[in-house]
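Peer 1: predicted model and sequence below, questions to follow.
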Amino acid sequence: MGKYFASMKKLFMNDLLLFARWALLVAISFSATTRSVAATTIDGSARYAYGANIGWFDWRGDANNGAVIGEYVCSGCIYSANVGWINLGSGAPADGIYYQNLASTDFGVNQDGLGNLRGYAWGQNIGWIAFEGNGAPKVDLLTGQFTGYAWSANCGWISLSNATAYVQTDSIQEGSLATNGLPTAWLLQNFGTTAVNPNADPDSDGASNAQEYLAGTNPNDANSNLRITSATYAPGGTLTTLTWNTAPTRYYYIQKELKLNLSWVDSGIGLISSTGPTTSLTFSDTNAPIHFFRIQAVRPLIP
């Protein structure tokens with residue numbers, strides 16, 4: 001899973017005298033190679049939606065042609081024994097980012113980065129199926145489980161999760177990657193072209209384009225980057241409050257280290273969701289003469 005880190009250093013002499021000094025550590029793991037993925041992302045044991053008027057829908061289909069949940073768009077097909085195949089989209093929207101759903105050649109279900117599923121699927125035997133706000137169809141970016149409903153004018157509501165069964169995706173795919181290794185949709189959304197240097201820093205905020213993608217921040221806004229903005233400590237250093245910049249499409253871990261030798265370990269707090277443009281957290285930790293912390297940004301469900 002792609003990661004981006006922001007770090008800081010705290011130094012204190014004793015329980016009565018505490019000196020804090022900042023340091024920024026950026027570490028990145030990034031591969032420019034396209035990895036091989038399964039044809040469908042849907043879990044084999046959590047694959048069924050249900051329509052009271054039409055019966056079960058299998059989101060995994062025959063595995064080779066099943067649904068694929070992407071970072072920007074969905075693709076592949078759902079299968080219903082009663083109505084046949086239902087197409088979620090080609091995976092190649094006309095603008096390279098999202099389906100516009102304004103033409104029969106550019107339709108499909110989008111995923112907005114927050115898990116909301118919006119747009120139209122098409123069944124040859126039943127027509128359009130709408131994924132819209134009234135049904136609030138959504139995929140949980142931590143668990144992959146679906147909730148909400150899709151609507152068919154010919155078949156009524158289709159439940160994506162109920163007491164009997166639910167749909168779950170095991171992963172969210174990045175979609176097509178440009179030759180520089182970054183997702184095509186992200187590049188087009190932020191630069192209007194794929195001819196972008198992943199190591200460049202156009203907004204001069206200290207984070208490269210590749211790092212901005214992994215952190216979910218805006219590569220063209222110097223105020224949008226992953227960094228710790230403040231830290232406070234109780235006497236003795238056992239109680240710490242960190243505040244850092246956050247993005248709504250990312251989750252975070254706090255990692256710690258007693259010596260700056262890159263042997264980082266998880267703080268034990270677990271995955272932290274964004275609470276807005278910045279997130280603050282107060283936590284206790286073992287007293288030590290020198291202690292380091294860093295923030296790890298995580299792209300949910302992306303391998």
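Peer 2: In hand now; what should we look at?
Peer 1: now the strands: where do they sit in the stretch 101-250 of the chain?
Peer 2: Under the criterion DSSP state E, counting those that start in this stretch, the stretch 101-250 of the chain contains strands at 109-111, 117-123, 127-131, 138-139, 146-147, 149-152, 156-159, 167-169, 228-233, 239-245.
Peer 1: give me whichever of these is most buried.
Peer 2: strand 167-169 (a mean of 26; mean count of other Cβ atoms under 10 Å). For the C-beta atoms, the positions are set from N, CA and C on the backbone; glycine is no exception.
Peer 1: what's stretch 143-162 in contact with?
Peer 2: 43, 46, 49-54, 57, 69, 83, 117, 121, 123, 126-132, 134-140, 166-172, 301 (Cβ atoms under 8 Å, 6 or more residues apart in numbering).
Peer 1: what's the closest non-adjacent residue to residue 233?
Peer 2: Sequence neighbours aside, residue 240 is the residue nearest to residue 233 in space, at 5.4 Å (criterion: Cβ to Cβ, 6 or more residues apart in numbering).
Peer 1: ok, what's across the strand from the one you found?
Peer 2: Beta-bridge partners for residue 240, by DSSP bridges, are residue 233, residue 283.
Peer 1: list the contacts of it.
Peer 2: Per Cβ under 8 Å, 6+ apart, neighbours of residue 240: 10, 231, 232, 233, 234, 282, 283, 284, 285, 293.
Peer 1: nearest to residue 214, of those?
Peer 2: Distances from residue 214 to the contacts of residue 240, taken as Cβ to Cβ, are shortest for residue 293 (19.0 Å).
Peer 1: how much space separates the closest one from residue 237?
Peer 2: Using Cβ to Cβ, to the nearest Å, one gets 11 Å for the distance from residue 293 to residue 237.
Peer 1: before we move on, what about residue 166?
Peer 2: For residue 166 relative to residue 237 (Cβ to Cβ), the value is 45 Å.
Peer 1: can you list the domains in the chain?
Peer 2: By the assignment in automatic domain parsing, the chain contains the domains 3-33+181-298, 42-169.
Peer 1: tell me the most buried of those?
Peer 2: By mean count of other Cβ under 10 Å, the domains of the chain have domain 42-169 as the most buried, with a mean of 19.
Peer 1: distance from it to the middle of the chain?
Peer 2: Its chain's average C-alpha position is 18 Å from that of domain 42-169, according to Cα atoms, centre = their mean, to the nearest Å.
Peer 1: distance between the ends of it?
Peer 2: Domain 42-169 has its terminal residues 4 Å apart, counting by Cα to Cα, to the nearest Å.
Peer 1: and stretch 201-208, by the same measure?
Peer 2: Taking Cα to Cα, stretch 201-208 runs 5 Å from one end to the other.
Peer 1: go on, stretch 48-59?
Peer 2: Note: stretch 48-59 ends 6 Å apart using Cα to Cα.
Peer 1: likewise for stretch 114-130?
Peer 2: 18 Å.
Peer 1: stretch 244-263 too?
Peer 2: OK, stretch 244-263 end separation, Cα to Cα: 22 Å.
Peer 1: do stretch 225-237 as well
Peer 2: Rule used - Cα to Cα; the end-to-end distance of stretch 225-237 is 27 Å.
Peer 1: from residue 102, how far off is residue 155?
Peer 2: Distance from residue 155 to residue 102, by Cβ to Cβ: 23 Å.
Peer 1: circling back: measure the residue nearest to residue 233 to residue 234 for me?
Peer 2: 8 Å.
Peer 1: same check on residue 86?
Peer 2: For residue 86, the distance to residue 234 - Cβ to Cβ - is 57 Å.
Peer 1: how about residue 137?
Peer 2: 45 Å.
Peer 1: likewise residue 107?
Peer 2: 56 Å.
Peer 1: and residue 248, by the same measure?
Peer 2: 30 Å.
Peer 1: where in this protein is pLDDT low?
Peer 2: Filtered on pLDDT under 70, the chain yields the residue ranges 1-38, 287-289.
Peer 1: could you rerun that using 90?
Peer 2: 1-39, 162-164, 232-239, 257-265, 284-292, 303 (pLDDT under 90).
Peer 1: helices of that one, residue ranges please.
Peer 2: For the chain, the helices identified by DSSP state H occupy 184-191, 209-215, in order along the chain.
Peer 1: apart from its chain neighbours, what residue comes closest to residue 176?
Peer 2: Spatial nearest neighbour of residue 176, excluding adjacent residues (Cβ to Cβ, 6+ apart): residue 184 at 4.6 Å.
Peer 1: many thanks, have a good one.
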